[in-house]
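S.K.: got a sequence here, can you build the structure:
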Amino acid sequence: MMKTLVTKHPLPLLLLLQLLQPLHFCQSYQGISNQDIDEYEEMREEFFGTGPPRPFTKKKFERFYIVEPGRPLYDSEYCRDVIMERNVHFRLKCVTEHYFVLSNFTEMQRICSSVFVPCKNGVRKCKRSRNIISGVYCNFTGGTTMPDCNYDTFERQGFVLVTCRWQNDIQSLIPDSINDIVTPSSE
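M.R.: So this is what the prediction gives:
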C-alpha cells in the first residue's frame, strides 16, 4: 500500500517532486488541481528559465504583498511564516527585505495614478498612497536559502510607496512592488 503525502501548499511539493524525478519520465499530476499545476509550471519556468522573468500580474502582487486580517502583525514569527507560505524568494535565495500590507489590489492599483515621489533609495519613481495603510516590514537576519531564511518582523502604519508597471493585456498600470511603508512622522 502506497501512502500519499498531503500538504496544505502543493507547489513546494511539486517542485520537490520535479527535482527528484529523472528527466526521462513523463510528468504526472494526479490529484492536484489545474490551477495549482499552472502556478507550479509558471514558478518552475521562472526558476529554471534562462530568459527574463515573467511580468508581474495582479495575482502575483496579491500573493507576494497583500495579507488578510486575522493574525496579529506584531507576531515575531509573522514574516518568517508568511514568506515561507507565500514562497517569497529569488531562485531559492532569501530576500533581504520584504513588505506585506493589509489592503486590497484595487486600493494598491489606485496608488499607481498618484504623482511620483522619491523611493527609499532617492530615485523618483515611486508612487505614494493617499491613505495610511497597516503593514509589516520584514528584515532579513540570517540563513541563505529557503527554508532557512529568518526575519525580524516590524509592524508599520504609514503611506505605502509602490513601483508600478504597465500591463499590456489590461491596458493599465498595476503595482509591481512595495518599496517602503513611510510613517507620517518620518516624512
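
S.K.: now whichever strand in the chain runs longest, how far from the centre of its chain.
M.R.: Scanning the chain for the strand with the most residues, using DSSP state E, yields strand 150-167. Strand 150-167 sits 11 Å away from the centroid of its parent chain (CA atoms, centre = their mean, to the nearest Å).

S.K.: buried ones in it, by neighbour count?
M.R.: For strand 150-167, the neighbour count (16 or more other CB atoms under 10 Å) marks 151, 153-154, 156, 158-164 as buried. The C-beta positions use only the backbone N, C-alpha and C, and glycine is treated the same way.

S.K.: adjacent strands (with direction) for that strand?
M.R.: strand 126-128 (antiparallel), strand 133-142 (antiparallel), strand 172-182 (antiparallel) (DSSP bridges).

S.K.: would you put the C-alpha positions of the last one in CSV?
M.R.: Spelled out, it's strand 172-182. Coordinates of each C-alpha in strand 172-182 appear next as CSV, following Å, rounded to 0.1, in the frame of the first residue of the first chain:
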residue,chain,number,x,y,z
SER,A,172,-3.4,49.7,-17.2
LEU,A,173,-0.8,50.5,-14.7
ILE,A,174,-0.5,47.8,-11.9
PRO,A,175,1.5,47.8,-8.7
ASP,A,176,4.8,46.0,-9.2
SER,A,177,6.4,46.0,-5.8
ILE,A,178,6.3,47.8,-2.4
ASN,A,179,9.3,49.9,-1.8
ASP,A,180,8.6,51.2,1.7
ILE,A,181,5.9,52.0,4.3
VAL,A,182,6.7,55.5,5.4
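
S.K.: tell me the buried residues in it?
M.R.: 174-182.

S.K.: Thr106: which of the strands paired with strand 150-167 is closest?
M.R.: When those are compared by CB to CB, strand 172-182 sits nearest Thr106, at 10.5 Å.

S.K.: and the contacts of that closest one?
M.R.: Contact with strand 172-182 is made by 56-58, 61, 64-65, 99, 101, 105, 108-109, 111-113, 119-120, 126, 128, 133, 135, 137, 156-167, as judged by CB atoms under 8 Å, 6 or more residues apart in numbering.
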